[in-house]
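J.: Predicted model and sequence below, questions to follow.
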Amino acid sequence: MNMKTTARKLSMLSAHLLNIDPDMTMSRLYILSVVAQSEDNLVREIVKRTGLSQPTVARTLSFLGDKPARGKRDGLGLVKVLPDPLDPRRMFVNITPKGERLLEEASVLLER
């Protein structure tokens with residue numbers, strides 16, 4: 001794949017993400033894709049796999065989840081964060097069907 005094709009595909013993907021939410025970034029998509037790779041992810045596992053700081057991952061998961069951002073009534077609903085029933089200090093993170101659809105759309109855009 002040449003540089004122009006790569007740039008065009010990334011531009012299409014960025015435009016698509018911005019269409020979903022003006023604050024959606026590639027780093028948020030990266031964390032979403034890491035969450036999608038397995039079930040019942042612990043936040044500390046996501047931190048380890050991404051190399052990002054715990055506060056960055058936590059903020060991003062809030063943004064991708066149900067927490068409203070900047071005057072919006074609802075969060076994006078792309079991930080679900082739930083406490084571990086055995087230890088409520090631990091949080092499990094899973095992708096939602098809406099998050100799966102977003103990754104499928106991104107994949108289709110990158111295949112063009």
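T.: Here it is on my side, so go on.
J.: Could I get the CA-only coordinates of stretch 38-50 as CSV?
T.: In CSV, the C-alpha atoms belonging to stretch 38-50 read as follows (Å, rounded to 0.1, in the frame of the first residue of the first chain):
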residue,chain,number,x,y,z
SER,A,38,-10.8,-10.2,25.0
GLU,A,39,-13.6,-10.3,27.5
ASP,A,40,-13.7,-9.0,31.1
ASN,A,41,-10.7,-6.8,30.7
LEU,A,42,-9.4,-5.3,33.9
VAL,A,43,-8.4,-1.7,33.7
ARG,A,44,-4.8,-2.5,34.8
GLU,A,45,-4.6,-5.1,31.9
ILE,A,46,-5.6,-2.4,29.4
VAL,A,47,-3.0,0.0,30.9
LYS,A,48,-0.3,-2.8,30.5
ARG,A,49,-1.3,-3.7,26.9
THR,A,50,-1.5,-0.1,25.7
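J.: Give me the contacts around it.
T.: With contact meaning Cβ atoms under 8 Å, 6 or more residues apart in numbering, stretch 38-50 is reached by 30-31, 34-35, 53-54, 57-58, 61, 90-94. Bear in mind the C-beta positions are built from the backbone N, C-alpha and C, glycine included.
J.: how about the strands in this structure?
T.: Using DSSP state E, the strands of the chain run over 41-42, 79-84, 87-95.
J.: just so I know, which of those strands lies nearest residue 2?
T.: For residue 2, the closest of the strands of the chain is strand 87-95, at 32.1 Å, according to Cβ to Cβ.
J.: how about the most centrally placed residue in the chain, what does it touch?
T.: Using Cα atoms, centre = their mean, the residue of the chain that lies closest to the mean C-alpha position is residue 32, 2.5 Å off. The neighbourhood of residue 32, defined by Cβ under 8 Å, 6+ apart, consists of 64, 78-79, 95, 99, 102-103.
J.: chain center to stretch 67-87, what's the gap?
T.: 12 Å (Cα atoms, centre = their mean, to the nearest Å).
J.: So, low pLDDT: which residues of this protein?
T.: Applying pLDDT under 70 to the chain picks out residues 1, 69-73.
J.: try 90
T.: 1-29, 63, 66-76, 88-89, 105-112 (pLDDT under 90).
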